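[1] sequence unknown, structure follows:
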Ligand code: NAP
Ligand code: GDP
């Protein structure tokens with residue numbers, strides 16, 4: 001651990017979202033908090049990080065030594081296609097405000113979150129950490145992708161000019177409790193859970209958007225929560241690291257649909273609307289670097305994680321983001 005006198009004040013931006021809630025669960029419910037550590041989980045209600053004044057004020061309030069930076073405008077494929085400009089501008093501002101304020105206030109370490117959808121569209125597979133800037137991202141989410149890529153550029157610049165160890169991790173598709181289950185704007189897995197839940201209740205057919213053939217590497221949010229805490233404590237490179245299940249664990253959207261149908265016991269018709277975009281056909285990422293650091297890390301089996309997510313959604317329908 002890179003700590004003197006073992007005291008650490010960790011500010012988690014985006015602490016109320018999917019990944020932030022998972023980290024909170026691991027820290028508070030699974031006993032991962034170590035002696036001398038204090039954790040603070042932020043929501044946009046406490047500070048709008050698009051605004052530099054509010055960003056500064058919240059950093060002054062908590063005086064963090066360490067930051068896990070998750071706050072971002074986040075959404076599924078179809079929201080990206082409608083709002084590339086908003087994804088670009090909000091995320092550029094949030095990231096610059098957080099990183100520059102961390103620098104000004106002497107924060108020792110920042111771990112930010114990139115995403116595997118920011119990699120070049122035209123590429124060889126599997127994609128690895130060295131390939132982030134090797135060509136334009138997929139057109140569907142170019143705003144978000146360019147803003148996220150700039151975190152990596154900025155981290156290198158803070159290291160070059162000031163020697164800061166600000167770094168980033170690159171998760172693939174994440175899902176779990178506290179996810180955004182909104183059908184129009186959410187990511188695929190939780191949008192499908194919500195759609196199928198409604199179709200079962202209403203006795204209507206279930207419509208999947210796109211062909212169902214694209215492939216994704218899905219990761220349970222609680223697994224990512226553990227990995228984020230590991231990165232904060234142990235990962236000391238400025239270069240980013242991909243957090244993903246193996247290439248062999250990649251599944252098609254159709255596989256996901258069938259799994260959710262089995263878990264929710266949905267027996268109605270399932271339609272594929274091929275007038276809707278498929279987005280990236282695949283973005284297969286290598287977890288070789290992660291495996292060099294953590295050869296024994298165990299990911300939650302996919303079906304178990306989907307079941308836990310469906311159970312959480314049914315039990316928390318009234319408070320879930322829908
Ligand atoms: P999420 O559930 O939508 O949570 C987003 C978080 O950011 C929320 O806590 C939200 O606060 C906060 N936020 C948004 N706009 C803000 C603003 N203007 N000021 C302050 N806070 C703001 O998203 P997530 O899935 O947990 O994503 C967390 C990080 O992981 C993001 O950086 C994302 O790019 C990255 N990531 C996610 C995935 C995925 O599949 N979900 C995959 C790869 C990487 P409120 O809820 O209080 O508004
Ligand atoms: P991505 O992984 O970054 O592309 O983002 P998403 O999590 O939104 O997943 C998009 C993929 O899921 C595309 O291939 C879509 O065609 C497919 N998909 C199928 N049904 C849905 C749906 O209801 N919502 C979303 N967001 N994607 C869907």
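    Great, that's in hand. Note that the structure is predicted; figures quoted are calculated from it, not measured. Residues are numbered from 1 along each chain as shown. Ligands and ions are numbered 1, 2, ... in the order given.
[2] could you report the neighbour count for residue 99?
    23 (other Cβ atoms under 10 Å). Heads up, the C-betas are built off the backbone N, CA and C, glycines and all.
[3] correction: residue 266
    Neighbours around residue 266, by other Cβ under 10 Å: 18.
[4] surely it meets residue 260?
    Yes - using Cβ atoms under 8 Å, residue 266 is in contact with residue 260, at 7.4 Å.
[5] joint contacts of these two?
    Contact criterion Cβ atoms under 8 Å, 6 or more residues apart in numbering; residues shared by residue 266 and residue 260: residue 196.
[6] which strands border the helix or strand hosting residue 112, and is each parallel or antiparallel?
    Element membership for residue 112 (DSSP states H and E) is strand 109-113. According to DSSP bridges, strand 109-113 forms sheet pairs with strand 66-69 (parallel), strand 165-171 (parallel).
[7] buried residues in the shortest one?
    Meaning strand 66-69. Applying a neighbour-count criterion of 16 or more other Cβ atoms under 10 Å, one finds 66, 67, 68, 69 buried in strand 66-69.
[8] which one of the residues you listed is nearest ligand 2?
    For these, the minimum distance to ligand 2 (Cβ to the nearest ligand atom) is 19.7 Å, reached by residue 69.
[9] burial count for the closest residue to ligand 2 within the stretch 1-150 of the chain?
    Distances between the stretch 1-150 of the chain and ligand 2 by Cβ to the nearest ligand atom are smallest at residue 76, namely 3.0 Å. Look at residue 76: counted by other Cβ under 10 Å, it has 22 neighbours.
[10] and residue 17, by the same measure?
    23.
[11] so how far is residue 113 from it?
    10 Å (Cβ to Cβ, to the nearest Å).
[12] same question, residue 39
    For residue 39, the distance to residue 113 - Cβ to Cβ - is 17 Å.
[13] who has more neighbours, the two?
    In this view residue 39 and residue 113 are compared by other Cβ under 10 Å, and residue 113 has more residues nearby, 25 against 21.
[14] residues in contact with the more buried one?
    Contacts of residue 113 by Cβ under 8 Å, 6+ apart are 19, 69, 70, 72, 168, 169, 170, 171, 228.
[15] filter these down to the ones near ligand 1?
    Filtering these for proximity to ligand 1 by Cβ under 6 Å from any ligand atom leaves 19, 70, 72, 171.
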